[in-house]
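**Student:** The following block contains a protein sequence and its predicted model.
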Amino acid sequence: MSDLNALVIFAKVVEAGSFSEAARRIAMPISTVSRRIAELEDQLGVRLLERSTRSLRLTDVGSEVLEQAQRSVEVSDAVKSIVSNQLSDVYGLLRLSAPPSISDSVLTPIVTAFQASYPNVRAQILVTDRRVDHLSEGVDVVFRIGEQKDSALISRRVLQYRHRLVASPDYIANCNPIRKPKDLLEHKLFAFSFWRPQHSWTFVNGGKNETITFEPSLSMNDFAGLAAALVAGSGIGDLPPIVLPHLVRDGQLVEVMPKWRFQTMDLNLVHMGNRHVPRVVRVFKEFAAQMAPQLFNDLPT
């Protein structure tokens, strides 16, 4: 089978009427153009062009080959057009995954705004707390909380924050002052966990660290559910500030022991580290990184 690029060069030479003009039009050294035509003739075992110092003339077989070469030009141009359109347009299917805790406050606003800007993008979203396998499950981008340890994946931080220890104003008004972590052990404590009998919190205050271990009065693997229990005034628990942020903003929950703080954590966008990342993934990642901080005012860190 003849080299498609060589056929394209042959057609360009005939169209231009000379090797030098063809080389100029396709931005290729004249020596390369001449060599590729010679290689094509050697491959086919025939002479395609009669050359003189002033002109070129097609041989009989060259005229027949030219027809196929011109089709090759059309194919080449069509392929370039497809690639160019894909690189310039943002369209196609975007498959995302995120934990339930951020589906309403982070994920949905970003995805709907992205689709408003790029209406030719379709989105499929898997909401789950489990670790998602990008390759086997065909997920393009995962919103993941915490450190990314897999070197095969690319991570981009979009938010940084710390959880807050909170309770309802009524609960705080009716209990003894809470000044240090160990004071918490006298209270009903709520924790984000699943089937674990014990839970631990580590607090930082300046250069001091203190950890407490306790049996939660209520444990649940859903921050929205924990938030409802906290608003009801039956205990103390930790919430990320990106989950139902209006509860603290509106005074339904207040921060407990604010000088003792949880450590900061990152919300990252994670995707496969392939060389050729689809344009829709690259554009979405940048879009989300720009928009996510705008969704929240003064995240605690």
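**Tutor:** Noted; the coordinates are in hand. Numbers count the residues shown, from 1 in each chain.

**Student:** Need the three-state assignment for the nearest residue to Ala16 once chain neighbours are set aside.
**Tutor:** Closest residue to Ala16 apart from its sequence neighbours, by Cβ to Cβ, 6 or more residues apart in numbering: Ala22 at 3.9 Å. For glycine as for every other residue, the C-beta is placed from the backbone atoms N, C-alpha and C. The three-state label given to Ala22 by DSSP: H, G, I helix; E, B strand; the rest coil is helix.

**Student:** Ala22: neighbour count?
**Tutor:** Ala22 has 23 neighbours, counted by other Cβ atoms under 10 Å.

**Student:** need the contact list for Val127.
**Tutor:** 97-100, 103, 107 (Cβ atoms under 8 Å, 6 or more residues apart in numbering).

**Student:** Highest neighbour count among these?
**Tutor:** Ala98 (25 neighbours).

**Student:** hang on, that residue packs against Ile145?
**Tutor:** No - taking Cβ atoms under 8 Å as the definition, Ala98 is not a contact partner of Ile145, at 9.4 Å.

**Student:** neighbours around Ala11, how many?
**Tutor:** 22.

**Student:** If you could redo that for Tyr161, that was the one I meant.
**Tutor:** With other Cβ under 10 Å as criterion, Tyr161 counts 18.

**Student:** Spatially, and excluding backbone neighbours, which residue is closest to it.
**Tutor:** Per Cβ to Cβ, 6+ apart, closest to Tyr161 is Leu299, 4.2 Å.

**Student:** What of Ala289?
**Tutor:** Nearest residue to Ala289, sequence neighbours excluded (Cβ to Cβ, 6+ apart): Val158, at 4.9 Å.

**Student:** Please apply the same query to Leu126.
**Tutor:** With Cβ to Cβ, 6+ apart, the residue lying closest to Leu126 is Ser97, at 4.3 Å.

**Student:** re earlier: make sure the residue nearest to Ala289 is indeed in a helix.
**Tutor:** No - the assignment for Val158 (three-state DSSP) gives strand, which keeps it out of a helix.

**Student:** now it: how far from Val166?
**Tutor:** Counting by Cβ to Cβ, to the nearest Å, the gap from Val158 to Val166 is 23 Å.

**Student:** ditto for Val277
**Tutor:** Val277 sits at a distance of 39 Å from Val166 (criterion: Cβ to Cβ).
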